[in-house]
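K.L.:
Show me the folded form of this:
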Amino acid sequence: MKQKSHTFSLLFLLPSSVFAEVVVLPTVTIEANLIPEFNQQKENPQNYSPLHGDGGEYLHNLNGVSGSRMGGHGIDPIIRGQAQNRLNILLDGAYVHGACPNRMDPPTAYAAPKSYDKVTVIKGSQTVVYGAGGSGGTVLFERTPPKVTADKPMTGNVSAGYSGNNQAKNVHADIATGDEKAYVRGIVDYQKSENYKDGAGKEVRSASTMKTGYLIAGYTPDKNTEFNLTLSKSKENDVLYAGAGMDAPESEHELVKLRYKGVASLAEFYYSNVDHVMDNYSLRPVAAGAMRMRSPSNSKTYGGRVYHQFDLNETSTWLMGADFQHNNRNADRLAGMPTMGTPSNLQSLLWADVTIQQVGLFSELGFDLSDSDYLKLGLRYDRVSSEATNAQQKVMKVSPNDLFTKYYGKQADKKDENNISGLAYLEHDINDNFSLFGSVSRTVRSADATERYLAANNSNSMMVWVGNPDIKAEKHHQLDIGVQWHFAQQNHQFSTFYNRVNDYILRDRAHGQAGILQADNASIYRNVDARLWGVEWESQFTLSDRWSTQFSLAYVNGENTTDGRALAQMPPLTGQWAIQYQHDNWHLRSTLHFASKQTRVDDNKKTGSGLDAGETAGYGVIDLAGDYRVNKNTVVSLGVRNIFDKTYAYHVNRANADPFNPEATRVNEIGRSVWLNLSATF
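P.N.:
Here you go, the predicted structure:
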């Protein structure tokens with residue numbers, strides 16, 4: 001078969017703390033690729049400063065990726081103005097659904113970045129093979145087999161780092177042993193940090209402790225085939241959140257995964273279990289006049305994916321596959337008097353034994369139409385079933401079904417949906433230097449457990465938060481257009497997108513809108529029509545054999561077209577400008593991170609959703625960093641983040657789930673922080 005091969009040089013914009021190795025990545029050649037090169041970034045997370053903690057913290061420093069901060073742990077990524085399960089996030093092929101209804105633990109909270117060999121960010125809908133939904137994008141945290149041989153039976157890397165502002169400590173070890181036929185790999189990662197101070201010297205509740213361990217056994221009969229078994233466990237303790245009314249004294253995640261990967265086939269199966277506890281008393285004083293509140297929760301997920309790619313002829317391929325996912329979640333809220341011990345009175349069934357099951361079939365056809373034209377067509381069908389088994393259970397004389405009936409006139413009956421998604425992608429090489437691409441796609445996303453079945457009751461309706469059991473699935477219709485051009489000393493990529501959404505699932509306040517039976521300002525969900533559009537630009541210039549510079553911009557605009565108001569939680573225009581110097585064993589880098597002000601907000605809970613914590617001013621923050629390669633295997637890195645100690649915050653924030661304080665809260669970023677990291681490979 002004649003394979004379409006795209007070869008180009010990439011220099012992606014990493015934050016200043018992410019470069020213990022040279023940032024210029026090698027030439028990448030992708031043959032008969034399933035994912036187009038446009039609108040994606042490939043990153044090496046192996047070396048980065050101890051300032052960064054989980055996967056969300058790592059991602060939100062990349063161009064076009066934002067994130068909502070609640071504390072120092074659990075940043076929820078946002079791509080193209082879309083978050084939560086509008087993004088498909090896979091941890092080495094597995095879906096991990098957090099157990100906190102307020103998303104203290106999004107999937108990235110359980111990803112220690114150094115524990116993965118590469119991270120790929122795909123923006124928008126560019127493929128149908130990574131699960132249902134994913135209208136905003138897909139993030140792949142991936143591992144590759146270690147390079148062990150009979151001549152070199154052991155390989156690995158170890159690192160240790162420290163950050164001054166928040167006294168963050170990070171110790172990491174990744175060691176593998178084996179040969180060309182089999183290997184065993186062990187990974188441990190330990191992170192502990194105290195509260196940090198923002199640019200004004202104010203202490204921000206952000207302390208956390210995270211311990212992660214992986215054991216991977218693999219069999220590789222040839223260079224194109226791998227069988228592996230992965231066992232992992234992570235534990236977070238004493239996680240503080242400035243942007244929430246509760247903290248998380250304990251979260252624990254366990255994962256078992258089995259995979260077969262061949263040159264054209266894949267089969268993988270996984271089981272994930274998350275136990276999470278949040279409360280308002282064990283790590284902070286109970287607010288005056290408040291009750292003690294405790295919410296234990298659990299999320300169990302199992303699933304898998306299989307596919308095979310056929311060579312139809314010399315110029316075309318056909319990929320066929322199937323995937324499935326089964327998630328069950330339970331969450332209670334317990335209350336007690338301020339003077340008592342552990343609360344024991346059940347106050348709300350937040351998730352009343354909620355189960356969501358998805359079975360999908362997908363297919364992609366790839367064609368080399370000519371030496372300069374490539375076409376990909378994708379089609380996906382998903383059957384999604386959901387139910388809340390215990391929705392009829394009374395808690396303080398009110399059941400989840402009573403709440404659903406009060407606000408929507410519906411009960412939590414079993415819901416089945418049949419979703420059809422698809423895409424058409426065309427790439428045209430004008431010449432050796434210029435390429436164009438265009439794609440049209442339809443992506444259907446069903447509601448998650450919170451949007452459909454959350455049942456947080458309160459005597460004050462402003463503190464009530466209720467899912468909608470009759471909510472419709474979102475339908476995203478998206479157009480992407482872009483151009484890429486490169487010359488001997490420079491690379492550029494520009495893209496723009498337009499996304500018209502029917503039945504957008506909006507978290508809102510009850511104002512007696514169509515389909516909402518109350519006007520008491522409770523937090524509810526309803527379908528509206530929406531529009532999102534935006535642009536993304538990245539450029540890289542090689543100025544000399546020692547100097548280079550990179551520049552990037554990203555902008556997204558979101559509007560609720562049903563009500564004629566801005567969609568909440570839309571990042572403003574953001575960007576980065578970096579200059580780096582590379583010579584002999586030295587690598588130095590300066591990065592300006594900047595954002596414009598954001599005035600398009602939905603911050604009035606009496607007339608809108610109130611999800612935005614007001615408008616935000618623009619900012620510019622400079623990071624400095626450098627590394628010195630002591631020898632072939634050892635690198636010492638030193639850096640300063642926010643060198644001018646600026647007080648600033650990202651515009652996006654979390655809505656507060658505290659039953660006594662439902663106001664949205666924005667959390668300031670860290671002030672000046674000096675960090676040091678030592679890494680060694682063998």
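K.L.:
pLDDT below threshold where in this protein?
P.N.:
Counting by pLDDT under 70, the low-confidence segments of the chain come to 1-37, 47-52, 655-662.
K.L.:
Identify the single longest strand in it, thanks.
P.N.:
Of all the elements of type strand in the chain, the one with the most residues (DSSP state E) is strand 345-370.
K.L.:
name the helices or strands packed onto the next helix or strand after that strand?
P.N.:
Under the assignment DSSP states H and E, the closest C-terminal helix or strand after strand 345-370 is strand 373-388. Taking 3 or more C-beta pairs under 8 Å, 6 or more residues apart in numbering; DSSP states H and E as the contact definition, the neighbouring helices and strands of strand 373-388 are strand 345-370, strand 415-429, helix 449-453. Placement of C-beta: from N, CA and C, glycine included.
K.L.:
starting at the chain centroid, how far to strand 373-388?
P.N.:
Its chain's C-alpha centre and that of strand 373-388 lie 20 Å apart, by C-alpha atoms, centre = their mean, to the nearest Å.
K.L.:
so what strands line up beside it?
P.N.:
strand 345-370 (antiparallel), strand 415-429 (antiparallel) (DSSP bridges).
K.L.:
Touching, Cys100 and His276? I think so.
P.N.:
Yes: using C-beta atoms under 8 Å, Cys100 and His276 qualify as a contacting pair, with a distance of 5.1 Å.
K.L.:
Need the overlap of contacts for these two.
P.N.:
Taking C-beta atoms under 8 Å, 6 or more residues apart in numbering as the criterion, Cys100 and His276 both touch 248, 251, 297.
K.L.:
For these, pick the one with the most neighbours.
P.N.:
Neighbour counts for those were taken using other C-beta atoms under 10 Å; the highest belongs to Ala248, with 29 neighbours.
K.L.:
and that residue, how far is that from Asp238?
P.N.:
Here the criterion is C-beta to C-beta, to the nearest Å. By it, Ala248 lies 8 Å from Asp238.
K.L.:
just His428 next, same as before
P.N.:
Shown here: His428 relative to Asp238, a distance of 54 Å by C-beta to C-beta.
K.L.:
which other helices and strands contact the top helix by length along the chain?
P.N.:
Ordering each helix of the chain by length in residues (DSSP state H) puts helix 400-408 first. The helices and strands touching helix 400-408, judged by 3+ C-beta pairs under 8 Å, 6+ apart, are strand 455-456, strand 465-466.
K.L.:
can you tell which of the ones you listed is closest to Ala522?
P.N.:
Of all the helices and strands packed on helix 400-408, the one in closest proximity to Ala522, counting by C-beta to C-beta, is strand 465-466 (6.3 Å).
K.L.:
Next, the residues that contact the closest one from outside, please.
P.N.:
Residues from elsewhere that reach strand 465-466, judged by C-beta under 8 Å, 6+ apart: 403-404, 406-407, 454-456, 522-525, 657.
K.L.:
Select only the buried ones of those residues in ChimeraX?
P.N.:
A single ChimeraX command is used to select the members of the contacts of strand 465-466 judged buried by 16 or more other C-beta atoms under 10 Å:
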select :403,404,406,407,454,455,456,522,523,524,525,657
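K.L.:
in what helix or strand does the residue most central in space within the chain lie?
P.N.:
The structure's the chain has its C-alpha centroid closest to Pro77; by C-alpha atoms, centre = their mean the separation is 4.1 Å. In the assignment (DSSP H and E), Pro77 maps to strand 76-79.
K.L.:
hmm, who's touching the next helix or strand along the chain from that strand?
P.N.:
Under the assignment DSSP H and E, the closest C-terminal helix or strand after strand 76-79 is strand 82-83. With C-beta under 8 Å, 6+ apart as the test, strand 82-83 has contacts from 68, 76-77, 135-137, 532, 569.
K.L.:
from what I can see Gly72 touches Thr209, true?
P.N.:
No: counting by C-beta under 8 Å, Gly72 sits too far from Thr209 to count as a contact (10.6 Å).
K.L.:
what touches both of the two?
P.N.:
Overlap between the contact sets of Gly72 and Thr209, as judged by C-beta under 8 Å, 6+ apart, is given by 193, 239.
K.L.:
returning to that earlier point: same list (the strands paired with strand 373-388) but as CSV, adding mean neighbour count and distance to Lys197.
P.N.:
As requested, the strands paired with strand 373-388 are arranged in CSV below (neighbours: other C-beta atoms under 10 Å; distance: least, C-beta to C-beta, whole Å):
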stretch, mean neighbour count, distance to Lys197
strand 345-370, 20, 34
strand 415-429, 18, 46
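K.L.:
and Gln167, how many neighbours?
P.N.:
Neighbourhood size, Gln167 [other C-beta under 10 Å]: 13.
K.L.:
For Val674, see how far away the residue nearest to it when sequence neighbours are not counted is.
P.N.:
Counting by C-beta to C-beta, 6 or more residues apart in numbering, the nearest residue to Gln167 once its immediate chain neighbours are dropped is Glu194, at 4.6 Å. For Glu194, the distance to Val674 (C-beta to C-beta) stands at 15 Å.
K.L.:
now do Gln580
P.N.:
According to C-beta to C-beta, Gln580 and Val674 sit 19 Å apart.
K.L.:
out of these two, which sits in the more crowded spot?
P.N.:
Per other C-beta under 10 Å, whichever of Gln580 and Val674 has more neighbours is Gln580, with 24 against 15.
K.L.:
Any buried residues in whichever strand or helix holds the more buried one, and which?
P.N.:
Here Gln580 sits within strand 574-583, counting by DSSP H and E. Going by neighbour count (16+ other C-beta under 10 Å), the buried part of strand 574-583 is 574-580, 582.
K.L.:
ok, those vs Gly360, which is closest?
P.N.:
Closest approach to Gly360 among the buried residues of strand 574-583 (C-beta to C-beta): Thr574, at 33.3 Å.
K.L.:
wait, what's in contact with that closest one?
P.N.:
Residues touching Thr574, when contacts are defined by C-beta under 8 Å, 6+ apart, comprise 66, 553-555, 593-596.
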